[in-house]
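*Asks:* Sharing a sequence plus its predicted fold:
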Amino acid sequence: MFSQTQWRLTNKTSTSHQVFNRFEHAESSCVLEVVKQYEFISTLQRMSVIVINNKTKEAQLFVKGSPEIIHSLSQKDSIPKNYFESLEAYTSKGLRVIAIASKFIVIDDFTEIETLERDKLESDIRFVGLIAMKNKVKPESLSAIQKLQHADIDTLMATGDNLLTAASVSQECHLISPNTDYIIADVLPGAEEDTILLTLNIS
């Protein structure tokens, strides 16, 4: 998939600043350098990189993460009206979906990069698009689950993916019957201490 973009990853480095990755376009003189990485943190549900375009000298932040988080961080005029409808259409088919957003930033000196605050950088971004990926269930997974079920051993799924994606995959590997209704529960902190708010949706 990456090869179809006409970009290639190179090992060239810079003597003036740190470079994590460097990409060169096969049909132009454009070079992109990843000069800062913010690692994925599960509680933030996102990661990001700062990229320098050596041709235009522009710096741009790219963020990828859960569609819900990217939606909350993006400028509202960059969000299409059918955002959640499209997300549901993908996840209900068992596709794993991540969202992409970006924004241009001003960097006068590379030493400034280390002083930038992540929370401020990753706010007021502009939504770019959704990436939907299909992870097929392995044949051996299905047979293993069937053996556990025949032995009356409970089988559960633990996942960080979208709940509709998890439900679709569960049906595909027969953790739940394809024709069985299921309940999606959203658990949030309650208004009072030591309480929770439970929202149930039957599908």
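*Replies:* Nice, thanks for sending it over.

*Asks:* next one: phi and psi at residue 134?
*Replies:* phi -110, psi 120 (degrees, to the nearest 10).

*Asks:* distance of it from residue 90?
*Replies:* 10 Å (C-beta to C-beta, to the nearest Å). Where C-beta positions appear, they are placed from N, C-alpha and C, glycine not excepted.

*Asks:* now residue 176
*Replies:* With C-beta to C-beta as the criterion, residue 176 and residue 90 are 20 Å apart.

*Asks:* which residues touch the nearest residue to residue 148 once chain neighbours are set aside?
*Replies:* Leaving aside its chain neighbours, residue 148 sits nearest to residue 155 (5.2 Å; criterion: C-beta to C-beta, 6 or more residues apart in numbering). Going by C-beta atoms under 8 Å, 6 or more residues apart in numbering, residue 155 touches 145, 148, 149, 175.

*Asks:* Hmm, residue 63 is touching residue 119, no?
*Replies:* No - if you go by C-beta atoms under 8 Å, residue 63 and residue 119 don't touch, sitting 11.9 Å apart.

*Asks:* Which residue of these two possesses the greater neighbour count?
*Replies:* residue 63 (25 against 8; other C-beta atoms under 10 Å).

*Asks:* ok so that one is a strand residue?
*Replies:* Yes - assignment of residue 63 by DSSP: H, G, I helix; E, B strand; the rest coil places it within a strand.

*Asks:* buried sites along the lengthiest helix in the chain?
*Replies:* Counting by DSSP state H, the longest helix found in the chain is helix 139-150. Neighbour-count burial for helix 139-150 flags residue 145 (criterion: 16 or more other C-beta atoms under 10 Å).
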